[in-house]
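Novice: Dropping a prediction and its sequence here:
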Amino acid sequence: MISNRKAMRAGALLLSVILVLGVAGCATPPAQEAVEVVDQLGRTVKVPSKVERIASPYAIANSLVIALGAGDKIVGVETYAKDSKLYAKAAPHLLEAPGIGSGRELNIEECLKLNPDLVIVPSRMKEAAEKLEAQGVATIAIFPEDLDQMADTFALVGKAIGCEERANELVNFYREKTDMVKDLTASLAETDRPRVYLTSKDPLTTCTTEMYQHTMIELAGGQNCSAELDKGFWAQVSLEQVLTWNPDVIALVQGAKFTPEELMADPKWQSIPAIKSGRVYQFPSNLESWDYPTPGAVLGLLWLTSTLHPDLYERTNLEGDAQAFYQQFYNIDVTAEELGL
């Protein structure tokens, strides 16, 4: 009897130990392993395996996160987000989200207040990225400034936020359309490729070859007038330089502070072929800028192709492609008026 009682007590003690260890394990589960990514500055970054709070001062990054289906996880945005018509339709909560900067600067203090799991910045913000990392905040830098870099950006962000399948869908759509344009324009002779001058918000500011806009012009079957500018981003030029370039076509970015009509009426520009022929256009879309390297930039490529070579890609095709794009990746229906077509 005594030995049986001792055995029972020993068994009860062992059971108690097992229960205590079991409860402790449920209360404090082992930390999940981080996801390791290499950003577009070549930095290896460890990102939490489950990202729930994303912050970025970069509109390009936020538009991409929405397209990947994680817009509800964005907690900090660019300071001018309240003006975004795309957000109003696809992610209206972002209109009231805290602003933490722009594509040129980040308010680190305000960003940290949001307790983000992940911060996404443009590659020019290397110093800010390192400061955030020093505070224990996973931060990746992106650089979507040509065709391959754009696809790499989609894949990088998709992996970082756990949306790899969706990122692959976006890359496939992007590749399909860019390959189509390559095929359409590949056989054009140099004489059939118009000289294109792209203006920023100011008529005497244009793109360099380090920018996606340069790639867009060349791929769409044009010749970028400013191809000799190979350093930096938006570059200031003189009117004399534009006159020397003598563009056949002038394209204004969507956010230009002047209209094609105003430019064509300027007496100082009258000797330019684009002005004489009336081939001065503005990127459309009342939702977002198609001339910037967001996911929607592929639509800007299609628009520019149809503008430079309407015989190769008709404008009516663009409307259908654009509507399919926004339905697939932003889950919204858009009208031709919203597209600016």
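Specialist: Yes, it's here.
Novice: Give the next helix or strand downstream of the worst-scoring helix or strand of the chain on mean pLDDT.
Specialist: The weakest-scoring helix or strand in the chain, judged by mean pLDDT, DSSP states H and E, is helix 2-27 (a mean of 40). Later in the chain than helix 2-27, the nearest helix or strand by DSSP states H and E is strand 35-38.
Novice: Could you pull up the mean pLDDT of that following strand?
Specialist: Strand 35-38 shows a mean pLDDT of 96.
Novice: Give me the buried positions along the next helix or strand after it.
Specialist: Counting by DSSP H and E, the next helix or strand C-terminal to strand 35-38 is strand 44-47. Using 16 or more other Cβ atoms under 10 Å as the test for burial, strand 44-47 gives 45, 47. Backbone N, C-alpha and C define where each C-beta goes, glycine included.
Novice: Each with direction, which strands does strand 44-47 pair with?
Specialist: Using DSSP bridges, strand 44-47 pairs in its sheet with strand 35-38 (antiparallel).
Novice: what's next to the strand it pairs with, contact-wise?
Specialist: For strand 35-38, the external contacting residues (Cβ atoms under 8 Å, 6 or more residues apart in numbering) are 44-49, 140, 156, 159-160, 162.
Novice: Using CSV, write out every CA atom in that strand.
Specialist: Extracted C-alpha coordinates of strand 35-38, given in CSV (Å, rounded to 0.1, in the frame of the first residue of the first chain):
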residue,chain,number,x,y,z
VAL,A,35,11.9,36.9,-43.0
GLU,A,36,15.2,37.9,-44.5
VAL,A,37,15.2,40.1,-47.6
VAL,A,38,17.8,42.0,-49.6
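Novice: now that strand, how far from the chain's geometric center?
Specialist: 19 Å (Cα atoms, centre = their mean, to the nearest Å).
Novice: Would you list the phi and psi of the closest residue to residue 258 other than its chain neighbours?
Specialist: In this structure, residue 258 finds its nearest non-sequential neighbour in residue 203, 6.3 Å apart by Cβ to Cβ, 6 or more residues apart in numbering. According to degrees, to the nearest 10, the main-chain angles of residue 203 amount to phi -60, psi -20.
Novice: Residue 203 is in contact with residue 259, isn't it?
Specialist: No: contact criterion Cβ atoms under 8 Å: residue 203 and residue 259 do not qualify, at 10.8 Å.
Novice: neighbour count winner among the two?
Specialist: Between residue 203 and residue 259, counting by other Cβ atoms under 10 Å, residue 203 is the more crowded of the two (21 against 12).
Novice: For the more buried one, give its distance to residue 329.
Specialist: According to Cβ to Cβ, to the nearest Å, residue 203 stands 33 Å off from residue 329.
Novice: in a strand, that's where residue 281 is, yeah?
Specialist: Yes: assessed with DSSP: H, G, I helix; E, B strand; the rest coil, residue 281 lies in a strand.
Novice: For it, give the beta-bridge partners.
Specialist: Residues in beta-bridge contact with residue 281 (DSSP bridges): residue 251.
Novice: so it makes contact with residue 259?
Specialist: No: Residue 281 is beyond contact range of residue 259, at 10.8 Å (criterion: Cβ under 8 Å).
Novice: Leaving out chain neighbours, which residue sits closest to residue 133?
Specialist: Per Cβ to Cβ, 6+ apart, closest to residue 133 is residue 139, 5.5 Å.
Novice: per-residue pLDDT, the one you found?
Specialist: Reported pLDDT for residue 139: 98.
Novice: Where does pLDDT dip in the protein?
Specialist: Where the chain drops to pLDDT under 70, the residues are 1-32.
Novice: Give me the domain ranges for it.
Specialist: Residue ranges for the domains of the chain, per automatic domain parsing: 35-173, 187-339.
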